[in-house]
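*Asks:* Quick one: sequence plus predicted model below, questions after.
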Amino acid sequence: MPPIGPRAVLSAAPPWTYFIGSAVFHYLGPAFAVLLFARLAPLGVAALRIWSAALVFALWRRPWRTFARLDAEGRRTIIAWGAVLAAMNVCFYLAIARVPLGTVAAIEFLPVIVLAALGARTARNLVALVAAVGGVYVLTGIRLAGEPLGLVFAFANAVLFAAYIVLAHRTARRLCDVSGVSGIDGLAAAMLVAGVCVAPVGVWQAAPAVIDPVTLAAGIGVGICSSVIPYVCDQLAMARMARSTYALLVALLPTTATVIGVVVLRQVPSLAELAGVGLVVVSVALHRELQTPPAEEKVTLPQEGKTECDM
């Protein structure tokens, strides 16, 4: 009789389904943030988001136990990941407060293109990468508009997002083998570190939420939708796919935003935007995982279908 239950379901689900879950909640979170921006400064929103997520992970995964199980290299990876999470969220909110969101999204994709290109070792995958870049360009309509300081934060966020992918993938694929630590437990520990890192810049700007139940509830919603559900989905996906493949799938984020806009907000896309969606879909359909991963990504994974280190 085949195994049943949540673990069996997680094992059977293909990795791209986790990425789709991440992409959907990636854009539900900002829906809550719209309310928060009217009540809190950007740094306050970033801090409240991280602290809410850190609290959820602390109650769920007990991250201090993870630190105790890790070796020195594992702890350094988690600390670096947490610092990147904190800085990335801060830069993202400071950027979208000054620069159009579409511009920030397009800039964010630029370093990810490099990660995808590093793994595009075949002509087919290079064509897929070119299609993804073209699709994202059409969808976001990238233009260097907004305050210069906002652009600085947008480019900083882009670099940090690429660093997040590298560190998150390393945790998902390697810490399990070295220390028996799952990617989700590593994420919980990193989020705890991020909560500490963001405290010096976010305490005072997040303070008004303490006496405003609506703002506090919205902040918790942002934390769960933007930093718990999508990051957990990321770990489940990264444990089963190469880093370059994940980087290419990031091109689906603007496409997901377009679909959500049609379904939820009744924002009908233009023909150019539909063309962009089509290019991204073609790119994902063309891409094929390399049979032999690059040397830097080779790890000894559990047998296919097992999820001892996923949960």
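*Replies:* Sure thing, it's come through.
*Asks:* OK, contacts around the most centrally placed residue in the chain?
*Replies:* Geometric centre of the chain, nearest residue: Y231, 5.6 Å, by Cα atoms, centre = their mean. Y231 is in contact with 22, 53, 168, 187, 191, counting by Cβ atoms under 8 Å, 6 or more residues apart in numbering. (C-beta placed from N, C-alpha, C; glycine too.)
*Asks:* Of those, which is the nearest to L70?
*Replies:* Using Cβ to Cβ, L187 is the member of those that lies nearest L70, at 13.2 Å.
*Asks:* In this structure the closest one contacts I229, no?
*Replies:* No: taking contacts as Cβ atoms under 8 Å, L187 lies outside contact range of I229: 11.6 Å.
*Asks:* the more surrounded of the two?
*Replies:* L187 (28 against 20; other Cβ atoms under 10 Å).
*Asks:* Mind giving me the packing neighbours of the helix or strand harbouring the more buried one?
*Replies:* Assigned by DSSP states H and E, L187 falls within helix 183-206. With contacts taken as 3 or more Cβ pairs under 8 Å, 6 or more residues apart in numbering; DSSP states H and E, helix 183-206 sits against helix 42-61, helix 63-69, helix 72-96, helix 148-170, helix 229-238.
*Asks:* Pull out the buried residues from the fourth one.
*Replies:* Spelled out, that is helix 148-170. 150-151, 153-170 (16 or more other Cβ atoms under 10 Å).
*Asks:* between the contacts of Y231, which is closest to L118?
*Replies:* Nearest to L118 among the contacts of Y231: A168, at 16.2 Å, using Cβ to Cβ.
*Asks:* Mind pulling up the pLDDT for that closest one?
*Replies:* A168 carries a pLDDT value of 88.
*Asks:* between the contacts of Y231, which is closest to A209?
*Replies:* Using Cβ to Cβ, A53 comes nearest to A209 of the contacts of Y231, at 14.7 Å.
*Asks:* Quick check, that closest one in contact with M191.
*Replies:* Yes: between A53 and M191 there is a contact at 5.3 Å, judged by Cβ under 8 Å.
*Asks:* can you list residues touching both of those two?
*Replies:* Common contacts of A53 and M191, defined by Cβ under 8 Å, 6+ apart, comprise 227, 231.
*Asks:* between the helix holding L187 and helix 148-170, how big is the angle?
*Replies:* In terms of direction (axes from the mean of the first three to the mean of the last three Cα atoms, to 10 degrees), helix 183-206 departs from helix 148-170 by 160 degrees.
*Asks:* Quick check: mean pLDDT of helix 183-206?
*Replies:* Averaging pLDDT along helix 183-206 gives 95.
*Asks:* Buried residues, it. List them.
*Replies:* By neighbour count on 16+ other Cβ under 10 Å, the buried set for helix 183-206 is 183-195, 197-198, 201-202, 205-206.
*Asks:* so that helix versus helix 229-238, what angle?
*Replies:* Going by the same axes, to 10 degrees, helix 183-206 makes 150 degrees with helix 229-238.
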